[in-house]
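Participant: one predicted model, sequence on top.
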Amino acid sequence: MPPYFTIAEAASQIAAKKLSPVELTRMCLDRIGKLDPELYAFLLVTEDRAMADARAAEARMMSGALKGKLDGIPIAHKDIYNTAGIRTTAHSKLLEDNVPDTDSTVVRKWAESGTVMLGKLATHEFALGGPSFDLPWPPARNPWNTDHFTAGSSSGTGAAVAAGLVLGGTGSDTGGSIRGPAALCGLAGIKPTYGLASRWGVLPLSFTLDHTGPLAWTVEDCALLLQGMAGYDPADPASANRPVADMTADLSKGAKGLRIGVIRHFHETDHPASPAVLKGIVDALDIFRNDGAEVRDVTLSSMTDYNAAGWLILTTEAYAVHEPWLKSRFNDYGELFRDRLALAPLISASDYFQAVRRRRLLCAEMAAAMADLDILITASAPAEAPKITEVPKWAMLEKPNFTMPFNVTGLPALSVCTGYGAGGLPVSMQIVGKPFQEATVFRAGHAYEQATGWRKTRPAMAT
Amino acid sequence: MAETSFESRARAAGLRSFPNDTAKLEALVKDLDRAAASLRGPRHYAQEPTTVFRLQPAATSR
């Protein structure tokens, strides 16, 4: 296999004219040709577009007119991001032939940054449910072991980035759909603060919980990608009209002086994580302490409370989006999507509104807990990836997920790889920041990555 | 065969019947019901939701 590059490495070599964006893109396309028949990460490879983008980047490189660190970097988009003139399906029969007229804001911003678009990536149908075997395309497979689940819903992005088919990609996150695949595929993935990155032109699932964000091999790469997608967008009513911080400004500061709160009950009692996940967190806290951070426990409401509010809101809002199609094209949805949403009308309007009222209390509780802290830490996922045929369908409250609390509160949350479990698959932790404090989250994540060697290991199939 | 409470609720909500899926959908409904029940606890009548208007001031004209 050809060498792997992080975005930061590739950008540095492109800037020095030591790496050709055309050759880098050809390298990725070759890898897609070799590995994607087993991974099913791509729903569509846009080779002609990619080569055109790469040649344009190369011309800018040669003329000294590079647009920045994303210029010439091969990426791909989750197939719920609208791409002008390029099929956007949500991995669903309902949109099998859907070709949008315009790019979503994030797609446009990345294109304007000079990225090279390699195609559209698998997702759980309309970013909900999965893995599904009854859709027009198969589900993506985990490059660490293709019998195993990628998590979702940004399943194709997780698989593609882990296998080095692209250097980064877009995801969306309504209850954990960026951080889940980042966790199970051994990547860095951030759900930024609600309102930081535009959702315009991205197929909605739940308007008050939906976020856009990137996945990449390293935390630094995530910071570079988020820089390229963040910013006020008047077309998105939730978009925050405020200046965008420098996402990489604090990367070199290390963990010294950080005040870290550990939501221990989330991963030890509310949903006990596996020994490998727990060890990863304990080891990470030791690294932070040794680097001069202050670490203490914090107690919040049960993770079940956050999940109860989050899932009721998600289910109700998603039903409102999909109701017309559920009534007219019920059987064109996959079974998992239908099962999850078809009964949403059984949720009363009052119960939905109680969830929204409870959400406000939960937001206030977490803000108070963070008042004298910089970041929170808990797990991202309970264990290594299960087999793709053994993914449990329900149990959102018996086994509440670790990611939903930060969709409910809208806080920035990053998943980073903390090693590998007994099965050789990645485990992870979650680093959570205050609103619009992504730079601090990246600082902590980067400090951790620099202190460990996990980023040196790629999946065996990709080496 | 007698209709289950789940089936009658689904029918009352105008939902189509799910002859082969009743058992698995009941599991989901139990989860949703449990979530809803956990949110119905006592709260102050004036407690606000997260979804509130925050209007921008209109530009003044002279």
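Facilitator: Everything's here; your move. Residues are numbered from 1 along each chain as shown, chains lettered A, B, ... in the order given.
Participant: secondary structure element holding the residue nearest in space to the middle of chain B?
Facilitator: The centroid of chain B falls nearest to residue B:36 when counting by C-alpha atoms, centre = their mean (7.2 Å). According to DSSP states H and E, residue B:36 maps onto helix B:22-38.
Participant: one more: residue B:46?
Facilitator: Short version: residue B:46 belongs to no helix or strand, going by DSSP H and E.
Participant: for chain A, see how far away it is.
Facilitator: Separation of residue B:46 from chain A (C-beta to the nearest C-beta, to the nearest Å): 10 Å. Any C-beta I mention is one placed from the backbone N, CA and C, and that applies to glycine too.
Participant: and that residue, how many neighbours does it have?
Facilitator: Using other C-beta atoms under 10 Å in any protein chain shown, the number of residues around residue B:46 comes to 5.
Participant: same check, this time on residue A:452
Facilitator: By other C-beta under 10 Å, 17 other residues sit near residue A:452.
Participant: in this structure it contacts residue A:288, no?
Facilitator: No: taking contacts as C-beta atoms under 8 Å, residue A:452 lies outside contact range of residue A:288: 11.7 Å.
Participant: quick one: pLDDT of residue 5?
Facilitator: In the absence of a named chain, this looks at chain A. If you check residue A:5, the pLDDT there is 96.
Participant: hm, I was asking about chain B
Facilitator: pLDDT recorded at residue B:5 is 72.
Participant: also the one 3 residues further on?
Facilitator: Note on residue B:8: pLDDT of 76.
Participant: re the thing from before, can you pull the contacts of the residue nearest to the centre of chain B?
Facilitator: Residue B:36 makes contacts with A:308, A:312, A:347-348, A:351, A:354-355, as judged by C-beta atoms under 8 Å, 6 or more residues apart in numbering or on different chains.
Participant: same thing with residue A:337?
Facilitator: Here residue A:337 is in contact with A:92, A:124-126, A:128-129, A:132 (criterion: C-beta under 8 Å, 6+ apart).
Participant: check pLDDT for the residues you listed and point me to the minimum.
Facilitator: residue A:129 (79).
Participant: quick check: phi and psi at the nearest residue to that one once chain neighbours are set aside.
Facilitator: Distances taken as C-beta to C-beta, 6 or more residues apart in numbering or on different chains put residue A:336 closest to residue A:129, at 3.6 Å, once the chain neighbours are dropped. Main-chain dihedrals, residue A:336, degrees, to the nearest 10: phi -60, psi -40.
Participant: in contact with residue A:336, which residues?
Facilitator: A:124-125, A:128-130, A:132, A:393.
Participant: look up how far residue A:225 lies from the spatially most central residue of chain A.
Facilitator: By C-alpha atoms, centre = their mean, chain A has its centre lying nearest to residue A:178, at 2.1 Å. Residue A:178 sits 11 Å away from residue A:225, going by C-beta to C-beta, to the nearest Å.
Participant: give the intersection of the neighbour lists for those two.
Facilitator: residue A:214.
Participant: one step back: the contacts of residue A:336, buried ones only, as a PyMOL selection?
Facilitator: To isolate the buried ones among those in PyMOL, judged by 16 or more other C-beta atoms under 10 Å in any protein chain shown, type:
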select buried, chain A and resi 124+125+128+129+130+132
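Participant: of the contacts of residue A:336, which pair is most distant in space?
Facilitator: A:125 and A:393 (13.9 Å; C-beta to C-beta).
Participant: and the residue of the stretch 101-250 of chain A that's closest to chain B?
Facilitator: residue A:208 (6.8 Å; C-beta to the nearest C-beta).
Participant: wait, that residue sits on residue B:50?
Facilitator: Yes: Residue A:208 is in contact with residue B:50 according to C-beta under 8 Å; the separation is 7.0 Å.
Participant: what sits in contact with each of those two?
Facilitator: In contact with both residue A:208 and residue B:50: residue A:356, using C-beta under 8 Å, 6+ apart.
Participant: and residue A:338, what is it in contact with?
Facilitator: Applying C-beta under 8 Å, 6+ apart, the residues near residue A:338 are A:326, A:330.
Participant: one step back: return the members of the contacts of residue B:36 classed as buried.
Facilitator: Buried by 16+ other C-beta under 10 Å: A:308, A:312, A:347, A:351, A:354-355, out of these.
Participant: so which of the residues you listed sits lowest on pLDDT?
Facilitator: Minimum pLDDT for the buried ones among the contacts of residue B:36 is recorded at residue A:347 (92).
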